[in-house]
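Undergrad: My questions concern the predicted model and sequence given below.
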Amino acid sequence: MGHCLAKPKKDGYDSDDNVEFTGGNVHLITTKESWEQKLAEAKRDGKIVIANFSAVWCGPCKMIAPFYVELSEKHPSIMFLTVDVDELTEFSTSWDIKATPTFFFLKDGQQLDKLVGANKPELQKKMTAILDSEVPNCQT
């Protein structure tokens, strides 16, 4: 499904574009420290983390962002994070991001699963599978 591979050249990058990628229970990660803080918080609270590595210029990222926000509102037991690959370039590279959006599903900082591309049904399917395997008695 849709994903972006390279950033188009654009002058005047405006971080206010991130507004459309947040909302609901989605936390925007702008520093490596905030990433580590959120992962520690999730580990302490026993939460699964879904991290969305995206870019403001990426059409498929913009398309799936409202759905991601909607999922965050429906599943408060999961921590939803969004990382702008342009704001955290080195950090994103360390996660081997080759296309956006890329979603990582984490538990205790360890990767459970990964999805590349703006595929709503697959995102929902992977999230449900992880919820079912991790918290079998949880009402979602």
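TA: Perfect, thanks for sending it. Numbers count the residues shown, from 1 in each chain.
Undergrad: show me the residues around the residue lying closest to residue 103 once chain neighbours are set aside that make contact.
TA: Once flanking residues are discounted, residue 103 sits nearest to residue 115: 4.4 Å by Cβ to Cβ, 6 or more residues apart in numbering. All C-beta atoms are positioned from the backbone trio N, CA, C, and that covers glycine. Neighbouring residues of residue 115 by Cβ atoms under 8 Å, 6 or more residues apart in numbering: 102, 103, 105, 122, 123, 126.
Undergrad: who wins for most neighbours among the residues you listed?
TA: residue 103 (24 neighbours; other Cβ atoms under 10 Å).
Undergrad: List phi and psi for the residue nearest to residue 116 when sequence neighbours are not counted.
TA: Distances taken as Cβ to Cβ, 6+ apart place residue 102 nearest to residue 116, at 5.0 Å, with adjacent residues excluded. With angles defined as degrees, to the nearest 10, residue 102 sits at phi -130, psi 130.
Undergrad: Sort out which residues of the helix or strand that residue 91 is a member of are buried, please.
TA: Secondary structure assigned from DSSP states H and E places residue 91 in helix 89-94. For helix 89-94, the buried set under the neighbour-count rule, 16 or more other Cβ atoms under 10 Å, comprises 91, 92.
Undergrad: go on, stretch 21-36?
TA: Neighbour-count burial for stretch 21-36 [16+ other Cβ under 10 Å]: 21, 22, 23, 24, 26, 27, 28, 29, 35.
Undergrad: In the sheet, which residues pair with the third one? Tell me.
TA: Pointing back at residue 23 there. residue 26 (DSSP bridges).
Undergrad: Hmm, it is touching residue 69, no?
TA: Yes. Judged on Cβ atoms under 8 Å, residue 23 makes contact with residue 69 at a distance of 4.4 Å.
Undergrad: just to revisit the earlier point, could you dump the buried residues of stretch 21-36 to JSON lines with distance to residue 98?
TA: What follows is the buried residues of stretch 21-36, written out as JSON lines (distance: Cβ to Cβ, whole Å):
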{"residue": "21", "distance to residue 98": "19"}
{"residue": "22", "distance to residue 98": "24"}
{"residue": "23", "distance to residue 98": "27"}
{"residue": "24", "distance to residue 98": "27"}
{"residue": "26", "distance to residue 98": "23"}
{"residue": "27", "distance to residue 98": "24"}
{"residue": "28", "distance to residue 98": "22"}
{"residue": "29", "distance to residue 98": "19"}
{"residue": "35", "distance to residue 98": "19"}
